[in-house]
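Undergrad: Got a sequence here, can you build the structure:
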Amino acid sequence: MSILKKGMKGAPVKRLQEKLGVAADGDFGPGTLAAVRTFQEKNGLKVDGIAGPDTFTAMGLHELVMLRVGSRGKLVEKLQQDLGIGADGKFGPGTRKAVVEFQKDNDLAADGIAGPATLSKLSSFKSSFTGDVVRRAELKPDEMGFDGEPIPELKGSDFVEGSVAETAPAKSLWGKVKGWFS
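TA: Take a look at the predicted model:
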């Protein structure tokens, strides 16, 4: 699951800040953390200050949703149901394989990551992941300067090793985010 949390910088953080109505400097600091927690609390979400798929979806920031190995939750379960595989809400190797096959069958980049372009082709997601959302997932001209921002990788029970930059489309928000966040 691609997430945004304190200490991160970049175009996705800036978009999150714009939606929260805080200073949009692209730096996830204490003000952004407090705003995320407040949003989560007001919307019945887990209050952890980490913006992930559930928070992005509740905010209407569907362009920031990216489900991948290690992701968990209702969106993953919904993805698995649409793919016709066991729906346990845990994005593992079997889900990745099903996503790759779906992407190949639908002339999408077969990277095993379910971002807006992939989700827009699935029946349960079509109403939220529209063509407009897919377009918003592409970088805006003023976001091109965010080079080398880190992104936390899924590790241990919740995270896996790997680089988002290796598989995310280069012109997408997540594709622009590179490296490792420690």
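Undergrad: count of residues packed around G86?
TA: Number of residues near G86 (other C-beta atoms under 10 Å) recorded here: 13. No exception for glycine: its C-beta is placed from N, CA and C like everyone else's.
Undergrad: mind checking how far K42 is from M59?
TA: Taking C-beta to C-beta, to the nearest Å as the measure, K42 falls 11 Å from M59.
Undergrad: the more surrounded of the two?
TA: It is M59, of K42 and M59, that has more neighbours when counted by other C-beta under 10 Å, with 19 against 10.
Undergrad: Not counting sequence-adjacent ones, nearest residue to that one?
TA: Distance criterion C-beta to C-beta, 6 or more residues apart in numbering; nearest residue to M59, sequence neighbours excluded, is K19 at 5.2 Å.
Undergrad: Ramachandran angles for the nearest residue to K126 once chain neighbours are set aside?
TA: With sequence-adjacent residues excluded and distances taken as C-beta to C-beta, 6+ apart, K126 is closest to S120, at 6.5 Å. With angles defined as degrees, to the nearest 10, S120 sits at phi -60, psi -20.
Undergrad: all helices for the protein, in order.
TA: 11-20, 30-42, 53-59, 74-83, 93-105, 116-119, 131-136, 164-167, 173-176 (DSSP state H).
Undergrad: Out of the ones you listed, indicate the one that is most buried.
TA: helix 173-176 (a mean of 25; mean count of other C-beta atoms under 10 Å).
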